[in-house]
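Novice: Generate coordinates for the sequence data below:
(one chain, ligands or ions: 2)
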Amino acid sequence: MRKVIAARFLGAAATAGGGPPPGPPEVAIAGRSNVGKSALVNALVGRRGLARTSRTPGRTRQLNFFALDERIVLVDLPGYGFAVGPEAERRAWKPLVETYLRERPTLRGVLLVVDARRGIEGEEEELLAYLAALGRPAAVAATKLDKLGRAEARGAVPLVGFSARTGEGRTALWRVVDAWVA
Ligand SMILES: Nc1nc2c(ncn2[C@@H]2O[C@H](COP(=O)(O)OP(=O)(O)OP(=O)(O)O)[C@@H](O)[C@H]2O)c(=O)[nH]1
Ligand SMILES: [Mg+2]
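Specialist: Ligands and ions are numbered 1, 2, ... in the order given. You can find the predicted model right below:
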């Protein structure tokens, strides 16, 4: 795993087009509210309290930008589908997130986080189609694997990018195969 030496909060965007000026390449973390996006950011970076997590859906209400060694920026997006909080804030989600996904010049890819117990559902398909239409590269991470039993976890469907030509994804695919035969 990539080792991050310095991680810092760069800033937030609460309105469409806001946030820190474009800098290093960005990877956005998207997904349903409460699925574990902020926890995934922290785990990926190896910093406990970098992004704020909560048991209450709708915790992240703005786009939060984190710089990793000033080389990569992770963008923790507010989740879709939360039913609590002011109606105005819920309505603001779509333009806020869609403007970012559509217009951010430094956005390189979107990591769509899904609950391993639910997989890809209607809203995820919609978002993936939206990203495909924009030409934005996307990958799906199924999180909360620990909530599944070992047999169930084996039954969950992980998506791994792969190329026989370049060998990309080989290590990740071996990890899947090894887990199945273990
Ligand atoms: N067991 C388990 N719990 C997790 C995992 N990831 C996140 N959680 C818990 O799930 C809840 C939601 O996590 P968050 O990271 O705040 O979720 P989020 O997607 O950022 O939510 P919003 O900001 O509301 O969109 C918290 O109580 C986390 O502790 C995981 O891999 N396993
Ligand atoms: Mg969050």
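Novice: switch to C-alpha atoms for all contacts and neighbour counts from now on
Specialist: Noted.
Novice: quick one: A141 is in a strand?
Specialist: Yes. Secondary structure assignment (DSSP: H, G, I helix; E, B strand; the rest coil) places A141 inside a strand.
Novice: Alongside ligand 2, which residues does this protein contribute?
Specialist: With Cα under 5 Å from the ion as the criterion, the chain comes near ligand 2 at residues 38, 60.
Novice: what helix or strand is the residue minimising distance to the centre of the chain on?
Specialist: Of all residues in the chain, the one closest to the mean position by Cα atoms, centre = their mean is I29, 2.2 Å from it. Taking DSSP states H and E as the criterion, the element that holds I29 is strand 26-31.
Novice: wait, what's in contact with the residue nearest to the centre of the chain?
Specialist: Counting by Cα atoms under 8 Å, 6 or more residues apart in numbering, I29 makes contact with 37, 41, 74-77, 110-113.
Novice: could you redo the last one with a cut-off of 10 Å?
Specialist: Residues counted as contacts of I29 (Cα atoms under 10 Å, 6 or more residues apart in numbering) are 36-38, 40-41, 63, 74-79, 109-113, 138-141.
Novice: Could you tell me how far the next helix-or-strand element following the strand holding I29 lies from the centre of the chain?
Specialist: Proceeding C-terminally, strand 26-31 gives way to helix 37-45 as the next helix or strand, assigned by DSSP H and E. Between the centre of helix 37-45 and the centre of its host chain there is 9 Å, according to Cα atoms, centre = their mean, to the nearest Å.
Novice: wait, does the following helix or strand past helix 37-45 contact ligand 1?
Specialist: For helix 37-45, the succeeding helix or strand toward the C-terminus, using DSSP H and E, is strand 63-68. No. Against ligand 1, strand 63-68 shows no contacts by Cα under 6 Å from any ligand atom, the least distance being 9.7 Å.
Novice: So for strand 63-68, mean pLDDT?
Specialist: Per-residue pLDDT values over strand 63-68 give a mean of 96.
Novice: what's that strand packed up against?
Specialist: For strand 63-68, the packing partners by 3 or more Cα pairs under 10 Å, 6 or more residues apart in numbering; DSSP states H and E come out as strand 7-13, strand 26-31, helix 37-45, strand 72-76, helix 87-103.
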